[in-house]
Every structure is written in C-alpha cells, then in structure tokens.
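Chemist: curious how this folds, go ahead:
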Amino acid sequence: MEKKSERIAKIISYLFNPLLMPSLGLLLIFNSGTYLSYIPFEAKKMIFLIVFAGTFVIPVSFIPIFIYFKIINNIEIESASQRIVPLAVTGVIYFCTFYMLRAIPIPFINIFIFSTFICISLNAIIVSKWKISSHLIAIGGIAGLIISLSLRMNADVLNYLILIILVAGLLGYSRLKLNSHSPSQIYSGFFLGLIVVSMLMFI
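Modeler: Below is the predicted model:
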C-alpha cells in the first residue's frame with residue numbers, strides 16, 4: 001500500500017512538472033474569456049510554440065547533459081545543491097523566451113513569462129541555502145496568474161482558481177509523501193510563486 005501511494009505521488013509530481021506551468025498558464029490566458037481569448041488562432045499557435053519550446057522542451061533537453069557531466073544524479077534532482085546549475089541555465093532560457101516574445105505586443109502575456117523568469121531566478125538564489133519547492137512555486141504562480149486575470153481583466157475564472165488550489169494541495173501532499181520537502185518549504189514555495197506573479201502582473 002505504501003509503494004502504491006508513493007507511485008501516485010510520483011505521477012502527480014510528473015504531471016505537474018514546474019516546467020509545464022508556463023504553458024499551462026498560457027492556455028488559461030487563451031481560454032479566460034477576455035479579449036486575449038480572441039487572438040487569431042495562428043498567433044496563439046505561434047506564441048504557444050515559442051513558450052512551450054523555451055520553457056519546457058529546451059530546458060528538458062539539457063537534463064541528459066547535466067547527468068552526463070554529473071551535475072545532477074538523476075531526473076528528480078533531489079539534492080538542493082544539484083539544483084543550482086539547472087535552475088540557472090533554465091533561468092537564462094526563460095529570459096531568452098521572454099525576450100523573443102517582446103516582438104509580440106501583448107503586454108499581459110509578456111509580463112507573465114517575465115514573472116516566471118523571476119520565479120526561476122529567486123528559486124536558484126534560495127536553493128543555494130534552502131531547498132524550497134519548485135513544484136509549489138510553479139503552481140503558486142498559476143494561482144497568481146488566475147487572480148490577476150480576475151482582478152485586472154474581470155475574467156470569470158473562479159472555477160480555475162478552485163481547481164488550481166486543489167492541484168496545489170495534491171502537489172503538496174505528493175512532495176511530502178516522497179520526502180522531497182518539509183511543510184515550510186512547500187508553503188513558502190506556493191506563496192512565493194503567488195506573490196511574485198500577481199505583483200508583477202499588477203505592476
């Protein structure tokens with residue numbers, strides 16, 4: 001029974017990988033019922049491909065390199081000290097993604113991607129001293145995005161917010177079950193992502 005619960009916890013952690021959260025956030029923006037939902041399909045597709053490649057595909061492609069050079073031991077990167085280099089490299093890639101999107105005049109999306117870069121950067125700084133939860137930073141950022149959509153765009157996204165809070169609870173449980181984090185690291189991660197993204201979206 002114990003092993004089954006751990007498998008479920010791992011599946012939840014993989015499904016809501018932090019690197020997938022910018023793409024998830026973009027899909028929420030495109031389906032928010034605001035004027036951003038009416039962006040032409042071809043433009044949406046181009047923006048999504050840029051974000052998906054820059055925030056997931058390219059960072060993930062570095063994992064075999066990190067393992068080969070023994071920067072990390074495995075894909076789960078349980079050691080806090082081993083997370084510094086991958087986070088730093090991912091931060092650079094995220095900034096390049098944001099820079100590319102500057103050519104597309106949609107400030108709300110640009111600021112969201114910039115906020116994910118800031119979250120990654122803060123994560124890299126904090127993890128050198130303390131193992132904060134990347135998963136909860138990411139899902140907290142999505143919660144911050146949804147709150148911003150509601151307050152800035154008057155979007156009816158309450159159902160999204162409830163769903164994301166439930167997912168955050170599942171993620172928190174999963175990370176505790178796998179002994180990856182302490183409760184303080186989980187709560188701190190969630191509120192860091194929530195505050196950083198929501199503040200930047202309002203500024």
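Chemist: Gly189: neighbour count?
Modeler: By other CB atoms under 10 Å, the residues close to Gly189 number 30. Just so you know, the C-beta spots here come from the backbone N, C-alpha and C atoms, and that holds for glycine as well.
Chemist: isn't it up against Ile132?
Modeler: Yes. Gly189 lies in contact with Ile132 (CB atoms under 8 Å); the separation is 5.0 Å.
Chemist: list the contacts of Asp156.
Modeler: Gly33, Ser150 (CB atoms under 8 Å, 6 or more residues apart in numbering).
Chemist: what kind of secondary structure is it in?
Modeler: With DSSP: H, G, I helix; E, B strand; the rest coil as the basis, the three-state label of Asp156 is coil.
Chemist: give me the distance between the spatially most central residue of the chain and Lys129.
Modeler: For the chain, Ala138 is the residue whose C-alpha lies nearest the centre (CA atoms, centre = their mean; 3.2 Å). Between Ala138 and Lys129 the computed distance is 20 Å (CB to CB, to the nearest Å).
Chemist: please, which helix or strand holds Asn74?
Modeler: For Asn74, there is no host helix or strand (DSSP states H and E).
Chemist: give me the number of residues near it?
Modeler: For Asn74, the neighbour count with other CB under 10 Å is 11.
Chemist: quick check: which ranges of the protein have low pLDDT?
Modeler: The chain contains residues with pLDDT under 70 at 1-2.
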